[in-house]
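*Asks:* Next one to model:
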Amino acid sequence: MSVEVDVEAAGFLFDMDGVLISSIESVNRCWRRWTHHYGIAGWETYEIPHGTRAVDIIKTLKPELDVAEGLRLIEDMEIEDVADLKVLPGAGTLLKSLPVERWAIVTSATYRLLLGRLRAAELPVPERIISGDMVERGKPDPEPYRRGAELLGMSPADCIVVEDAPSGIGAGVAAGCRVLGVLGTHDERELRAAGASWVVRSLEDVSATVGQHCLTIHINTL
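*Replies:* Sure thing, here's the model as predicted:
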């Protein structure tokens, strides 16, 4: 059973993959090609830890590899493989309803990959972005979401993080933000265990009313 709640916040910090767009099939295909290219055992069924930066995955899978080389290859693969990329329900409507100064994207993807995916999905590119290659420590470290709040000129406590992965939820909570979990890559139990205050089926269950000093966010939470 769902429950309707209204929450006041100054702004949104959105994860990208699994929240605004779905690229999981592309991601899995490309990383299997990547691991096959480098002769890594188990490449046929490899699945990445969702919400983790490519640079951190590369360091784990093949620590002796030049990171720049490996990163460029996976970026090229993922930018080209967008045939089944799709905008997730409610994402476009919610973004269009928000003033540009009230939201940012905070993603583990590189800036180059972020631009490629947003353009392929025909979603707006925000003025404020924190990508995986803009931070020293990726999610689940709180640095990305702290930086995102700074970009908006807001306190983390005044921001709502929107995430689909436990690592990203943990990063948002550790940064001092409230977190809205979106079902898709993980189930409700996992999202709540990671610290999500609310969980929705999709962004169709979220809308915002813009006030002079804050947003009133309407959430149809599970």
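*Asks:* Check the contact between L203 and G90; I expect there is one.
*Replies:* Yes. Between L203 and G90 there is a contact under C-beta atoms under 8 Å: 3.3 Å. From N, CA and C alone the C-beta is placed, and that goes for glycine too.
*Asks:* Domain boundaries for the chain, per the record?
*Replies:* Domain ranges of the chain: 3-22+85-221, 24-80, per automatic domain parsing.
*Asks:* Counting neighbours, go ahead and name the busier of L203 and G90.
*Replies:* A direct count of neighbours by other C-beta atoms under 10 Å for L203 and G90 places L203 higher, at 22 against 18.
*Asks:* Contact partners for the more buried one?
*Replies:* V19, L20, L88, P89, G90, A91, T93, L94, V162, V182 (C-beta atoms under 8 Å, 6 or more residues apart in numbering).
*Asks:* try 10 Å this time
*Replies:* Each residue near L203 by C-beta atoms under 10 Å, 6 or more residues apart in numbering is listed here: 14, 19-20, 87-95, 162, 180, 182.
*Asks:* I'd like the list of the residues you listed that fall within helices, please.
*Replies:* Judged by DSSP state H, helices contain the following of the contacts of L203: A91, G92, T93, L94, L95.
*Asks:* For P124, the count of nearby residues, please.
*Replies:* Counted with other C-beta under 10 Å, P124 comes out at 14.
*Asks:* isn't it right up against G92?
*Replies:* Yes. Shown here, P124 and G92 form a contact pair, counting by C-beta atoms under 10 Å, at 8.6 Å.
*Asks:* how about TSV for the domains of the chain, with mean pLDDT added?
*Replies:* Formatted as TSV, the domains of the chain follow (pLDDT from 0 to 100):
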stretch	mean pLDDT
domain 3-22+85-221	97
domain 24-80	94
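*Asks:* Quickly compare those and say which is most buried.
*Replies:* Among the domains of the chain, domain 3-22+85-221 has the highest mean neighbour count (mean count of other C-beta atoms under 10 Å), at a mean of 20.
*Asks:* first to last residue in it, what's the distance?
*Replies:* End-to-end span of domain 3-22+85-221 (C-alpha to C-alpha, to the nearest Å): 5 Å.
*Asks:* can you tell me which helix or strand the residue of the chain most remote from its centre belongs to?
*Replies:* Within the chain, G39 marks the point farthest from the mean C-alpha position, 29.0 Å out by C-alpha atoms, centre = their mean. Here G39, judged by DSSP states H and E, is contained in no helix and no strand.
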